[in-house]
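# this is a predicted model, with the sequence first.
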Amino acid sequence: MKRMVLFMVLMALGSCATYAPKKYNELKFDKDISWPNYKIHSFVSKNKIKFFVIEDSELPLIRIQMYVKGGRSVVPSGKEGLDFILAQMILNGGTKKYPEEQFNVFLEDRAVEFYIDFDFLNAVVNIDLLSKDFYEVMPVILDSLAHPNFTKENFELAKKRLKSIIARRNDNQEEIGHREFKRIVYGKDSIYGRIPTYESVDNITMQDVLDFHKRLFVGSNLLVGIVGDLQVKDIKNRVLDLFSLFPKGQEVVFDFPEPPYNGGEKFIVDSKDSNQAFIILGHLGDYRLNPDYGALQVMNMVLSGGFSGRLFENIRTRKGLAYSVYSHFGCERYFPGIFFVALKTKNSSVTDAILAVIDELKKIKEHGCSAKEVEDAKEQFLNSIVFRYDSPRKVMERRLYYELRDMDPNSFLKLIDDIKKVSENDVSRVAKKYLDVDKLDILVVGDKKQLENELKGLGNWREWELD
Amino acid sequence: MLKRIILFVVYILFFNSILLYGGDDNFMKQVMEKVHTFKLENGMQFVVMQREKTPVVSFVTFVKVGSVDEDIGHTGIAHIFEHMAFKGTKDIGTKDWKKEKVVLEELDNVYRKYIRCVNEDKSSDRCKLLKNKFNRLLEQADSYVIPNEFSKIIEKNGGEDLNAATSTDYTIYYCSFPSNKVELWFSLESDRLKNPVFREFYTEKEVIREERRMRIDTSPMGKLIEGFRSIAFSAHPYSHPTIGWDSDIINTTIKDVEEFYKKYYVPQNITIAIVGDVDIEEIKKFAQIYFGSIEKGDEPPIVYTKEPKQNAKKGITIFGNAQPIYVRGYHVPGYGDKDYVVLRVLEDILSEGRSSRLYSHLVLEKKLALSVSAFYGFPGERYPCLFGVLAIPNMGVSVDKLSKAIDDELNDILKNGVKKDEIQRAYTLEKAELVRQMESNLGMARELAYAQAIYGDWKNIFFIVEEFKNVSSNDIQHVIRKYFKQDNMVEGKLIPTNNKN
């Protein structure tokens, strides 16, 4: 025991002499961080499917991600909701050999995750399985995608589910706010603003589903990313064979109209009996290929980068006006994105909060920002790049993202270079050029009656009706 | 009792041998070999998993204190402390700590007098004077603050996933760093655990009240669940809302939070999990240097209150401007009971995946529900808790019809039992889930910390799932018969306001 004590004293002395706790600003980080360079193998099949594969044997898993070009944007006008109906009918119908319940049992006996989500530009099919089951499971899932077991009953079920979702979509202020703000900025009936209604769901026929499926699920329209515990040389021929069941077909060509744009309007959506309101304000953003993209992202970081941004600091930390406040400068590849600031605040501080946000936008537009703010934002971005590479899945997702948008596969590396070069002058310049404080659309989702007096001072508000 | 302990020991050894030396399960064996645990002399525990694939590391600080540990009058205090942990330390976030400290102390003195005054007599001039004094001091205190400096240091250094969460059973703080910043994390985390400060306290409480309005007051689901749990437990503090009642948030003072910190933030109540590209020896060294000097405190208080037998069917109906939601729960034991694993299996059989009973029957076949899920361990599992079902009806389907359909499903199991395949599938799905969890350093770190702190050993994550295989249809019927009774049930309904009359 005595010896033990002596040993511990020595140990303690030893560590004190050589090493004591350091304060954060006394630490030096000399080790360089490099990140793994995952090799992406790619090949194209006869039916024009583009494949991308990353070998990663750490875990006994394989994930297949299929991007189906087209997505919600190609749903015919008046048939809004067709995308959801199709996805549900594939998932719930299964195949002729494994119909409906048998399909789910087959997949879940093997712990397979399989789902389909529709985005604006594309559908995403996710298949996540244990690598040992790859050859057993893939033929069944691909059969369900290429030759779905469409039934009348599942058609009705999908419609019923969609109508139930429509009935519930106005239960949450934030959900209403984000959805309707987009419709205000882009135009509510434009291709960017339209949403399913009971009427559009009733309009959808079984033939519409068949046609939509036929148009989208063709080889020319598919990008397939495979990541996991496999070797390209072992699987390539089998994969080509498995996916040959899709016809070549025609690729969907993107062609988007310029959104009509007015701006400068104020709307309120009445959500009764609420003691807090959701506020969202902003205007059209810009295009992803704009050379100012990097500077715009740094500007947004200065405004809203995690715990470090100006909005967080001034609206939340100093004024205590909101739990979460954030901005986003959206840039899309084929049409302008949306710039917005959003927050929730108690009824009695709605005006204060709106004015405080506008003030922040004016400040950055008129006075730009300091060199230190830009340095901090850049450091935050550059020091955390390794997290953009910390899993091969993220690398694959980025690759598919660029491929779908017909962008240089090295766009991310280029963005890193661009951001390194951004100066405070660039941020000031883009803030001046792209933020339009006089043209802000403002939407408040809150209790109209309680907010009437509160909002008077800000001018005329119109009620925005929900579908 | 002794017999049980011996049994337990045998059982642990038995599973160890299967998992570690069995051979079929090479993968799990490899995983388990990568996890190291150690404990400092002051009782602080560490679980470290090496995963060299990418030069990043995730850190989780798990404190075994949650809203279940709060007293009446101080609900929400665990969560308030969690927010304060981002306000910096004596060195970080201040222009002059010595002066700031003096003002903060005076500020809280005045605040305590002020809230006493307004709670006793709202109109008195004395309250007004106190409020004015408070406002002056507040301004003075704020002049010392460098806002968000603590978080900014982390983010500037490439820290990601920075956040924290408070639940009924525990509080966690987490973030991830590039692997060359390991020591930075040790420096910052030990500083804030050792030297918490309560700057910007009163403004932050306003932020928390906004959080409450967001999560509960303006959220139909939030309102329903808050009401549901508040009536489910008459005596046990599982009834408290984790974010706290609004009046408790308002009336909490710095002094209250300091006392709370001293009681619960003692090293033997803290578990740290680290997963990523780290050197285990280096971690041990840093742990000793940065956390070793914290003195072991008194054992934190435990909850003595037991929820009495219910003996009645309870229910609550909440009216809201929203579509209907249905929830029910039955009082069941928490972790450590012999029925624990059986209830976990039942949870999966009822609602894990599209082939589960409730999903395939109520969602797909009968088209009654938009979604339905069984849950076990609500609102926590450190103490006896609830097993329940939450269901969202389809348009035009009443909550009563849905409730009846759930009864039918449970009765069907009572009458006909479950198939062997269903138990096997629950096992397969849970096991795959364990593998998938390993894809994320942060997810894994959260899981390891939780299991080490709540289950007493991180390995129990695996043992619990292995035990799924020993559950029989009879066991499932037994727990349904034993717990799923009318006089042990709590129901919650959200009904649209316009249906009120």
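Happy to help now that I have it. Numbering: from 1, shown residues only, chains lettered A, B, ... in the order given.

# for the stretch 251-400 of chain B, which segments count as helices?
Assigned helices in the stretch 251-400 of chain B, in chain order: B:254-264, B:280-291, B:340-351, B:357-358, B:399-416 (criterion: DSSP state H, counting those that start in this stretch).

# residue 73: how many residues sit nearby?
No chain in the question, so chain A it is. 20 (other CB atoms under 10 Å in any protein chain shown). Just so you know, the C-beta spots here come from the backbone N, C-alpha and C atoms, and that holds for glycine as well.

# my question was about chain B, not that one.
B:Gly73 has 12 nearby residues by other CB under 10 Å.

# ditto for the one 10 residues further on
As a burial measure, the neighbour count of B:His83 was computed by other CB under 10 Å and equals 19.

# OK, contacts around the closest residue to it other than its chain neighbours?
Residue nearest to B:His83 in three dimensions, not counting chain neighbours: B:Glu204, with 5.2 Å by CB to CB, 6 or more residues apart in numbering or on different chains. Going by CB atoms under 8 Å, 6 or more residues apart in numbering or on different chains, B:Glu204 touches A:Thr317, A:Gly320, B:Ile80, B:His83, B:Met84, B:Lys87.

# one more: A:Tyr326?
A:Ser304, A:Leu311, A:Phe312, A:Val341, A:Ala342, A:Leu343.

# the fourth one and A:Glu360: what is the separation?
Look at A:Val341 and A:Glu360: by CB to CB, to the nearest Å, they are 8 Å apart.

# what sits in contact with each of these two?
A:Leu303, A:Leu311.

# top helix in chain B by residue count?
Secondary structure of chain B read by DSSP state H shows that its longest helix is helix B:97-120.

# got the angle for the very next helix or strand once past that one vs helix B:97-120?
Using DSSP states H and E, the helix or strand that directly follows helix B:97-120 along the chain is helix B:125-142. Relative orientation of helix B:125-142 versus helix B:97-120 (axes from the mean of the first three to the mean of the last three CA atoms, to 10 degrees): 160 degrees.

# ok, the single nearest residue of the stretch 401-501 of chain B relative to chain A - how many residues close by?
Among residues of the stretch 401-501 of chain B, the one nearest chain A by CB to the nearest CB turns out to be B:Ala432. It sits 3.4 Å away. Counted with other CB under 10 Å, residues neighbouring B:Ala432 total 20.

# touching chain B at all, the longest strand that chain A contains?
Longest strand in chain A, counting residues (DSSP state E): strand A:336-346. Yes: applying CB under 8 Å from any CB of the partner chain, one finds strand A:336-346 in contact with chain B at A:Lys344, A:Thr345, A:Lys346.

# give the residue farthest from the middle of chain B.
B:Asp125 (43.2 Å; CA atoms, centre = their mean).

# what about the strands in the chain?
Looking at chain A here, since you left the chain open. Using DSSP E, strands in chain A cover A:41-44, A:50-55, A:61-69, A:113-118, A:122-130, A:222-228, A:266-270, A:276-284, A:286-287, A:325-332, A:336-346, A:441-446, A:462-463.

# try again with chain B
Using DSSP E, strands in chain B cover B:35-39, B:45-50, B:56-63, B:160-166, B:171-178, B:270-276, B:314-320, B:325-332, B:369-378, B:385-393, B:489-496.

# and those strands, which is most packed in?
Neighbour counts (mean count of other CB atoms under 10 Å in any protein chain shown) averaged over each of the strands of chain B peak at strand B:270-276, with a mean of 28.

# and that one, which strands flank it?
strand B:45-50 (parallel), strand B:56-63 (antiparallel) (DSSP bridges).

# and it, how far out from the chain middle?
16 Å (CA atoms, centre = their mean, to the nearest Å).

# can you check stretch B:215-223 too?
18 Å.

# by proximity to chain B, which residue of the stretch 51-200 of chain A wins?
For the stretch 51-200 of chain A, CB to the nearest CB, closest residue to chain B: A:Ala111, 3.4 Å.

# find the nearest non-adjacent residue to that residue, please.
B:Ala432 is the one closest to A:Ala111 (CB to CB, 6+ apart), at 3.4 Å.

# I'd say the one you found and A:Leu130 touch.
Yes: counting by CB atoms under 8 Å, A:Leu130 is a contact partner of B:Ala432 at 6.3 Å.

# so who does the closest residue to A:Met89 other than its chain neighbours touch?
Nearest residue to A:Met89, sequence neighbours excluded (CB to CB, 6+ apart): A:Asn154, at 5.0 Å. For A:Asn154, the contact set (CB under 8 Å, 6+ apart) comprises A:Gln88, A:Met89, A:Asn92, A:Gly93, A:Glu100.
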